[in-house]
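# Sequence first, then the predicted structure, then my questions.
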Amino acid sequence: MTKTYAEALLYRQRDFPDYFKFYLKKNNKQQHISENLNILQELVRPRLKIAIVTETWPPEINGVAMSLMQLCKGLQKQGHKILLIRPKQKHVCDEFSPNKECLVTAQAVPKYPDMRFGWPQYLKVSQAISDFAPHVVHIVTEGPLGFTALHAAKSKKIPVSSGFHSPFQEFSRFFDLAFLVKPVQRYLKWFHNHTDLTCVPSCDTEQALKQFGVTCPLVIVGRGVDVEKFSSSHRSEQLRRSWGVDHDTTVLLYVGRLSPEKEINVLIEAYVALKKCSQKKVHFVIVGDGPDRKRLEKMLGAEDIIFTGSLSGTSLAQTYASADVFVFASQVETFGNVVLEAMASGLPVVAYDYASAQLYLKHQQTGWLSPLGATDQFIQSILQLPDHVSLRVMGQQAMHDVQNIGWRHAVQQFEQALYQVTQDQVLVT
């Protein structure tokens, strides 16, 4: 949609009541155009009823769940009402309360016991949607629950938008499931082409979807970072001492799933090589959990690596801020929220040149970027890390660069995408 909702209304003032048209004509001078748009945005911006369907939600720790919660909080703050349809969880998220909620039976995801997918309880989902009467159904995940919601919404002729967040067709390569790549691609193409619009987090993802045949409208909905939660001010010397390091030690940090597609083995190999070829004191902290943890812990040279398990809240913020450089070897991200969290925490980043790293990192100023596939160059960047002082200067610049990347703009992008899908229903005529 090329115009915001308010702009569309401004240029359709001929359809407004006479007293409203007079107000606009009287004030329709160029110097007041921005003012008028802001006034209109609040006067006539519809408050939508939105059904959000997802198979991941906090307190599950992953980028999709945490980003979705921030977007839902932002939409609710803007006056929209949220029906949240998701699997039941063992623990409750107390950071967001939807206006309505529909919980379906949960089933553990193979290799990810802490994650659940929702049973396709069509009657329950369909009834919840009917009772809430949403203007739009937004499907975050393409699993059984998402498939069920798609059919339920279509049967009721409710507009459907979707999100593409995890390249499952790439993940399967790392689980000896290469034979599933093409079937999964075909299913994802079918799924998104049966929605009215798909939200993607980056241009890279947009291009990837177009290349394998997604033809529905694609809209970029970016990501943000909480710069109060993630900040270098949370650095803890006490935490560093608990790791057995002093102020002269360079601490490498990884945060994320411990899963084959994240290529953490490359990070461990680089760390072992760095210890051998450098006179500097170095240490490696790995935050997260997943199916690859046991294998990684048994790798040669991993004996002194600290595996913290999953962290959140203050513990996670302190861990970020207490390290010295963030290393991220994954080549299958749709965005990579952890890159922004590391930068906000005052860390330079070693990553591949795509997704969030490409958007926000400056090579040799706030981190080091390697072309996708150039594993040797990526490892070399770690082996050639500068001294402690230089890392701190780069980290402070990284933190400065992301201070204005909050969630407000991403929420606005999402809101406009939903207006685009529902414009025929809610646009004043």
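Yep, that arrived.
# Check the offset of the lengthiest helix in the chain from the chain's centre.
For the chain, the helix that runs over the most residues, judged by DSSP state H, is helix 408-426. Mean C-alpha position of helix 408-426 versus that of the full chain (CA atoms, centre = their mean, to the nearest Å) differs by 18 Å.
# Quick check: buried residues in it?
Across helix 408-426, burial judged by 16 or more other CB atoms under 10 Å covers 410-411, 413-415, 417-422, 426. C-beta: built from backbone N, CA, C; applies to glycine.
# Summarise which helices and strands it is packed against.
Packed against helix 408-426 by the contact rule (3 or more CB pairs under 8 Å, 6 or more residues apart in numbering; DSSP states H and E) you find helix 5-10, helix 63-77, strand 136-139, strand 160-163, strand 197-200, strand 218-220.
# Throw the ones you listed into CSV and include mean neighbour count, thanks.
Converted to CSV, those look like this (neighbours: other CB atoms under 10 Å):
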stretch, mean neighbour count
helix 5-10, 19
helix 63-77, 20
strand 136-139, 27
strand 160-163, 27
strand 197-200, 24
strand 218-220, 17
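# then stretch 147-159 to PDB, C-alphas only?
Provided in PDB are the C-alpha atoms of stretch 147-159 (Å, rounded to 0.1, in the frame of the first residue of the first chain):
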ATOM      1  CA  PHE A 147      -3.100 -24.700   8.400                       C
ATOM      2  CA  THR A 148      -6.300 -25.200  10.400                       C
ATOM      3  CA  ALA A 149      -6.700 -21.400  10.900                       C
ATOM      4  CA  LEU A 150      -6.200 -20.700   7.200                       C
ATOM      5  CA  HIS A 151      -9.100 -23.100   6.300                       C
ATOM      6  CA  ALA A 152     -11.300 -21.700   9.100                       C
ATOM      7  CA  ALA A 153     -10.800 -18.100   8.000                       C
ATOM      8  CA  LYS A 154     -11.300 -18.900   4.300                       C
ATOM      9  CA  SER A 155     -14.500 -20.700   5.000                       C
ATOM     10  CA  LYS A 156     -15.800 -17.500   6.700                       C
ATOM     11  CA  LYS A 157     -14.400 -15.200   4.000                       C
ATOM     12  CA  ILE A 158     -12.200 -13.400   6.500                       C
ATOM     13  CA  PRO A 159      -9.000 -11.800   5.000                       C
END
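# Could you list the buried residues of it?
When neighbours are counted by 16+ other CB under 10 Å, the buried residues of stretch 147-159 are found to be 147-150, 152-153, 158-159.
# Could you dump those into CSV with pLDDT, secondary structure and distance to residue 226 added?
Formatted as CSV, the buried residues of stretch 147-159 follow (pLDDT from 0 to 100; DSSP: H, G, I helix; E, B strand; the rest coil; distance: CB to CB, whole Å):
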residue, pLDDT, secondary structure, distance to residue 226
147, 96, helix, 32
148, 97, helix, 33
149, 97, helix, 29
150, 97, helix, 32
152, 97, helix, 34
153, 97, helix, 32
158, 97, coil, 32
159, 97, coil, 31
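# Let's test this: mean pLDDT of the longest helix of the chain, rounded?
Averaging pLDDT along helix 408-426 yields 89.
# now it and helix 63-77, what's the angle there?
Interaxial angle of helix 408-426 relative to helix 63-77 (axes from the mean of the first three to the mean of the last three CA atoms, to 10 degrees): 60 degrees.
# Show residues contacting helix 408-426.
When contacts are defined by CB atoms under 8 Å, 6 or more residues apart in numbering, helix 408-426 is touched by residues 1, 4-5, 8, 46, 48, 50, 67, 70-71, 74-75, 77-78, 80, 135-136, 138, 159-161, 196-197, 199, 217, 219-224.
# what about residue 90, neighbour count?
If you count neighbours by other CB atoms under 10 Å, residue 90 ends up with 8.
# Quick check: residue 224 touching residue 404?
No - with contact defined as CB atoms under 8 Å, residue 224 does not count as touching residue 404 (9.7 Å).
# more neighbours, these two?
The neighbour count for residue 224 versus residue 404, taken as other CB under 10 Å, is higher for residue 224 (21 against 10).
# Report pLDDT for the more buried one.
93.
# Against residue 406, how distant is it?
5 Å (CB to CB, to the nearest Å).
# next one: residue 100
Applying CB to CB, the value for residue 100 to residue 406 is 27 Å.
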